[in-house]
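Q: After the sequence you'll find the predicted model.
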Protein chains: 2
Amino acid sequence: MKELEDRIRRDGIVRAGDVLKVDSFLNHQIDVRLFNDMGAEWARLFKDRHITKILTIEASGIGIAVIAAQHFGNIPVVFAKKTESINLDGEQWTTKVYSFTHKAYYTVIVAKRFLTADDHVLILDDFLANGAASSGLIDLCHQAGATVEGVGVAIEKGFQHGGDDLRRAGIELHSLAIVDAMDENTGAITFRDNDE
Amino acid sequence: MKELEDRIRRDGIVRAGDVLKVDSFLNHQIDVRLFNDMGAEWARLFKDRHITKILTIEASGIGIAVIAAQHFGNIPVVFAKKTESINLDGEQWTTKVYSFTHKAYYTVIVAKRFLTADDHVLILDDFLANGAASSGLIDLCHQAGATVEGVGVAIEKGFQHGGDDLRRAGIELHSLAIVDAMDENTGAITFRDNDE
């Protein structure tokens, strides 16, 4: 998606350790107009799928998911939570996700009431790198007997294996921008040719 | 806001310890159409304020804030983060917020780049009870020299002191539903007459 690539080139900051900071428009400060364009693009890319629910994970995925839902007929959004909360029932699907950022496993939960065998799910998130979060959300769907119709991410780090793992598993994945290389010294970002 | 009150009556669940579960439409599963109606209502209520940015706090506030932003001319949304992340600069406004849920203080941060003296801020969140989160966000605005134009919350627990504290401090507060009493035995919920 050219608009997103242009924005990443303009406002993204490359840091040591394969960190791409996009906090001025994607995951700290949010550009709602850009999010609507992203949502419209996913609606176009997934138009042949029958999608009844969007699943994401807190926190950065939530804004992306709720804006995108408007382009899928205002279907419900469910966001998985990263720790147990006293405001939840005991009735949850749970999975463990490894965080490379924090070098620890955390528990991800979704109330069973909100993810069932009737659901046809589109999983949305801001980043896809090693695929740990996406795999956790897919696992929750499988536990629930829900159908995973596809995965959409804003930015895929193409030099990590998460995206290829999903494609190899037969998941329909649409990454709006795929970063194949970043240079922390020059700030240069190389995008994969991805004109869908 | 009658639509929100009706929805709370229909789908809200009262639990021991003054817990009101609204996770089927507000803070776990999200009804995007309702969020748009809430956003339109805040736009009406704050129409005389010059608002340039919406500030909220992860995670439940994010969906509310990005949908509402569409009714304020797609102004930027910034969400405060609850812990330090390696993806953030050292340049942050920080404050401490006490969580009655987790009985502990946590650190809340906003990058200084995204909250400045030029900003006229509307603070939005899902719940207002003791006011700890709102006060933390107001503190961040004061540190930045930003102008707090008002606070909007979906549900105020009117039997706790947070809302009255804000009103007493001269903050323009618009709570779309104010719960004055809840009965965990009958499930009955009493709303304050709040026809704005």
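A: Here it is on my side, so go on.

Q: Which residues of chain A lie near chain B?
A: Within chain A, the residues that sit near chain B (CB under 8 Å from any CB of the partner chain) are A:19, A:21, A:23-24, A:27-33, A:35-36, A:58-59, A:62-63, A:65-67, A:69-70, A:74-79, A:81, A:85-88, A:101, A:110-111, A:113-114. Backbone N, C-alpha and C define where each C-beta goes, glycine included.

Q: if you look at the residues you listed, which of them are in strands?
A: A:V19, A:K21, A:Q29, A:I30, A:V77, A:V78, A:F79, A:V110, A:A111 (DSSP state E).

Q: Return the members of the residues you listed classed as buried.
A: For these, a burial check counting by 16 or more other CB atoms under 10 Å in any protein chain shown picks out A:K21, A:Q29, A:I30, A:V77, A:V78, A:F79, A:V110, A:A111.

Q: which ones are touching the fourth one?
A: Under the criterion of CB atoms under 8 Å, 6 or more residues apart in numbering or on different chains, the neighbours of A:V77 are A:K53, A:I54, A:L55, A:T56, A:I62, A:A65, A:V66, A:A69, B:Q29, B:I30, B:V32, B:G63.

Q: Could you say which helix or strand holds the residue nearest in space to the middle of chain A?
A: Residue closest to the average C-alpha location in chain A (CA atoms, centre = their mean): A:D125, at 1.5 Å. Using DSSP states H and E, A:D125 sits in strand A:120-128.

Q: Paired strands for that strand, with orientation please.
A: Looking at strand A:120-128 with DSSP bridges, its partner strands are strand A:53-57 (parallel), strand A:147-157 (parallel).

Q: do you know which of those lies nearest B:V151?
A: strand A:53-57 (26.3 Å; CB to CB).

Q: Buried residues in stretch A:189-196, which are they?
A: Going by neighbour count (16+ other CB under 10 Å), the buried part of stretch A:189-196 is A:I189, A:F191, A:R192, A:N194.

Q: Leaving out sequence neighbours, find the closest residue to A:F127.
A: Excluding its sequence neighbours, the residue lying closest to A:F127 (CB to CB, 6 or more residues apart in numbering or on different chains) is A:I155, at 5.4 Å.

Q: hmm, I was thinking of A:L140
A: According to CB to CB, 6+ apart, the nearest residue to A:L140 is A:W93 (4.7 Å).

Q: low-scoring stretches of chain A, by residue?
A: With pLDDT under 70 as the threshold, chain A has low-confidence stretches at A:84-90, A:195.

Q: Now do the contacts for the nearest residue to A:L26 once chain neighbours are set aside.
A: Of all residues not flanking A:L26 in the chain, A:D126 sits nearest, at 5.8 Å (CB to CB, 6+ apart). Counting by CB under 8 Å, 6+ apart, A:D126 touches A:L26, A:N27, A:S60, A:G61, A:I64, A:V153, A:A154, A:I155.
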